[in-house]
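J.: I need the structure of the sequence given here:
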Amino acid sequence: MDPRRKTPHVPGPSLWPVGFAIGVAVALLGLVVRWQIIALGIVISVLFGILWIREAAGRRGIAEALPVEPEFGPGHPGPTIPPPSTREKYPRNVFLEMSTLGLGGVIGGLVSLPALGFMVGPAFLNQGVKDHDLGPVENFPQGSFVVATYMSDPSQGEVSRRTAFVRYNGLLGAQPSFTIISNHCVHLGCPVQPNGPVYDKQTKTFGDVTLIPTKPSGFGCPCHGGQYDSEGNCVAGPPVRALDRYAFSIRNGNLYIGAPYSVAIVEGEGAGAKIHKNSYSPPGEQAGGIESWLYPIQPPN
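T.: This next block holds a predicted model:
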């Protein structure tokens, strides 16, 4: 402090509260973008929060400037050194300030967390996909596709009917291998059609499942011209990735179709294909890579 000034020194503004607020904003943004961004926001908030608390705890109020001793000539004993301060390290006002801030933070969390839960939680509840029995493995000829349609939720009737392209690849080791491709174009979700003949007269049924043989050279979207090869890789048009696929399982000799997942690209064919699998993403989104971080979080499927 300038000794000619009589006003006490006032500490400058702190940047720690600004950093804490930025961390909270990043964490809230992560709720609709990516879990990684939520974690980043929490780290920023904790780091700046600790620095903010340390700074606030270290303050003792406004520090009064010590009186300036005048200069004296030779022979003078010099300025008198004041004795060490006996003031409390954490006076009552600092304790009350920290207690108020902490209690306010706890109350704010208790008020905001339930609201956030009601807003975000329903999208993540009861969203799983139940496995559906497509019938005996013998109904799927090796090396050939069939158009399989089934009702994902029979209680809702025909409105829940889904379509998939199913091919039996033979055995992979000791286990049957299947390729099950979704008929939803990954551009905008239009229904993809086989590029080849469909044999309606050879239709088989199993419960609510209908199996129609087909011999496609690939698959095409009638909406915007997206084209895919027989493994679902995009070969022309606007789609940004390969067609989605379905998980499957074999139980008591029957094929069960499971949850869908997204595919960036498929290398190879049939049972020996290498599938670059990712979690399910809606049409129009990248599957994997840094670009996928720019899209919102998807609820479980």
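J.: where in the chain is pLDDT low?
T.: Along the chain, the model assigns pLDDT under 70 to residues 1-13, 32-34, 58-90, 120-128, 289, 291-301.
J.: Regarding it, what is its longest strand?
T.: Here the longest strand in the chain is taken by residue count, with DSSP state E as the criterion, and it is strand 254-267.
J.: Show me what that strand pairs with in its sheet, parallel or antiparallel.
T.: strand 132-136 (antiparallel), strand 242-251 (antiparallel), strand 274-278 (antiparallel) (DSSP bridges).
J.: That strand: which residues count as buried?
T.: Of all the residues in strand 254-267, those buried under the rule 16 or more other C-beta atoms under 10 Å are 255-257, 260-264, 266. Heads up, the C-betas are built off the backbone N, CA and C, glycines and all.
J.: Let me know the distance separating the nearest residue to P191 once chain neighbours are set aside from V94.
T.: The shortest distance from P191 to any residue that is not its chain neighbour, by C-beta to C-beta, 6 or more residues apart in numbering, is 5.4 Å, and that residue is N183. Taking C-beta to C-beta, to the nearest Å as the measure, N183 and V94 are separated by 67 Å.
J.: okay, the two: which has more neighbours?
T.: Neighbour count, other C-beta atoms under 10 Å: between N183 and V94, N183 has more, with 20 against 17.
J.: quick one, phi/psi of the more buried one?
T.: N183 has phi and psi values of phi -90, psi 10 when expressed as degrees, to the nearest 10.
J.: quick one: it and A148, what's the gap?
T.: In this structure, N183 and A148 are 10 Å apart, going by C-beta to C-beta.
J.: Does Q193 touch F219 like I think?
T.: Yes: the pair formed by Q193 and F219 meets the contact definition of C-beta atoms under 8 Å, at 6.8 Å.
J.: what residues are shared contacts of these two?
T.: Listed as contacting both Q193 and F219 by C-beta atoms under 8 Å, 6 or more residues apart in numbering are N183.
J.: neighbour-wise, which of the two wins?
T.: Counting neighbours by other C-beta under 10 Å for Q193 and for F219 shows that F219 has the greater number, 25 against 18.
J.: wait, isn't the more buried one in contact with F165?
T.: Yes: contact criterion C-beta under 8 Å: F219 and F165 qualify, at 7.1 Å.
J.: any shared contact partners between these two?
T.: Contacts common to F219 and F165, judged by C-beta under 8 Å, 6+ apart, are 181, 183, 194.
J.: Could you report the neighbour count for the closest residue to P154 other than its chain neighbours?
T.: For P154, the nearest residue in space outside its immediate sequence neighbours is D208; the separation is 5.9 Å by C-beta to C-beta, 6+ apart. Applying the criterion other C-beta under 10 Å, we find 16 residues in the vicinity of D208.
J.: residues contacting D208?
T.: Under the criterion of C-beta under 8 Å, 6+ apart, the neighbours of D208 are 150-151, 154.
J.: In three-state terms, label C223 for me.
T.: Three-state secondary structure (criterion: DSSP: H, G, I helix; E, B strand; the rest coil) places C223 in coil.
J.: show me the contacts for it.
T.: C223 makes contact with 185, 187-188, 190 under the criterion C-beta under 8 Å, 6+ apart.
J.: Closest one of those to G108?
T.: Using C-beta to C-beta, L188 is the member of the contacts of C223 that sits closest to G108, with 41.7 Å.
J.: Verify the stated contact: that closest one with P222.
T.: No: taking contacts as C-beta under 8 Å, L188 lies outside contact range of P222: 11.8 Å.
J.: more crowded one of the two?
T.: With other C-beta under 10 Å as the criterion, L188 and P222 differ in neighbour count, and L188 comes out ahead with 15 against 11.
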